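1. no letters, just coordinates:
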């Protein structure tokens with residue numbers, strides 16, 4: 001901002017005009033800011049209706065829709081498996097262990113769906129809170145999806161086991177650990193555990209946990225899944 005010239009006495013009429021112009025500018029600026037704030041709020045709430053899974057059974061979530069699954073399904077069907085969950089079989093409490101025993105019947109190779117992801121194709125244990133709008137940029141909604149920090153490479157084989165203790169090392173959709181630097185992460189994680197709509201696993205690559213992996217003919221069988 002320029003400094004005022006105090007060497008000249010302003011004309012009163014010019015001062016009144018200047019004040020009038022300033023007030024008009026303030027009014028227009030305020031209106032503009034209100035419009036921008038309204039736009040931001042509308043955009044912030046535009047993540048869509050929260051996806052609601054069926055009350056029972058395993059389901060796949062991909063392309064913004066749930067598809068019922070049996071205990072055996074094909075990796076590569078339409079839609080491609082992304083988030084595979086069921087209602088929690090037991091309360092999700094920190095210190096409990098989630099264990100998946102599974103069989104992959106097929107030779108691959110397994111293709112990562114997202115071109116910005118990196119190999120290898122993988123699966124990762126997953127917890128999903130109800131009411132998620134999938135808008136991770138909306139404050140608070142980054143705490144609705146949580147993954148175990150370790151993943152398993154997707155390979156053929158029978159009776160493979162993936163397990164993970166529920167705890168602060170789990171990370172959310174923006175990569176924050178429940179026991180990390182974010183002061184709101186612990187309560188966000190606790191809320192997700194208390195209000196989970198689903199628990200299970202996701203298909204992804206070496207970078208993204210849940211952006212999908214496919215083969216087209218390989219079958220995946222959930223032999224056993226426990227929270228204990």
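-> It's in. Note that the coordinates shown come from a computational prediction; the quantities given were computed from them, not determined experimentally. Numbering: from 1, shown residues only.
2. from here on, just use CA atoms for contacts and neighbour counts.
-> OK.
3. can you name the residues that contact the most centrally placed residue in the chain?
-> Geometric centre of the chain, nearest residue: residue 173, 3.9 Å, by C-alpha atoms, centre = their mean. Counting by C-alpha atoms under 8 Å, 6 or more residues apart in numbering, residue 173 touches 136, 142-147.
4. could you do residue 185 as well?
-> 143, 176-179.
5. at 6 Å what do you get?
-> residue 178 (C-alpha atoms under 6 Å, 6 or more residues apart in numbering).
6. can you report phi and psi for it?
-> phi -60, psi -40 (degrees, to the nearest 10).
7. so how far is residue 203 from it?
-> 24 Å (C-alpha to C-alpha, to the nearest Å).
8. what do you get for residue 105?
-> Counting by C-alpha to C-alpha, the gap from residue 105 to residue 203 is 16 Å.
9. could you count how many residues lie near the closest residue to residue 112 other than its chain neighbours?
-> The shortest distance from residue 112 to any non-neighbouring residue, by C-alpha to C-alpha, 6 or more residues apart in numbering, is to residue 213 (4.5 Å). The number of residues packed around residue 213, counting by other C-alpha atoms under 10 Å, is 26.
10. how about the strands in the chain?
-> For the chain, strands defined by DSSP state E occupy the ranges 59-62, 65-68, 72-74, 83-86, 97-105, 111-112, 122-129, 145-147, 152-153, 157-165, 171-172, 196-204, 213-214, 219-227.
11. can you tell which of the ones you listed is closest to residue 53?
-> Among the strands of the chain, strand 65-68 comes nearest to residue 53, with 6.2 Å by C-alpha to C-alpha.
12. packing partners of the closest one?
-> On a contact count with 3 or more C-alpha pairs under 6 Å, 6 or more residues apart in numbering; DSSP states H and E, strand 65-68 meets strand 59-62.
13. what's the strand it packs on packed up against?
-> Taking 3+ C-alpha pairs under 6 Å, 6+ apart as the contact cut, strand 59-62 packs with strand 65-68, strand 83-86.
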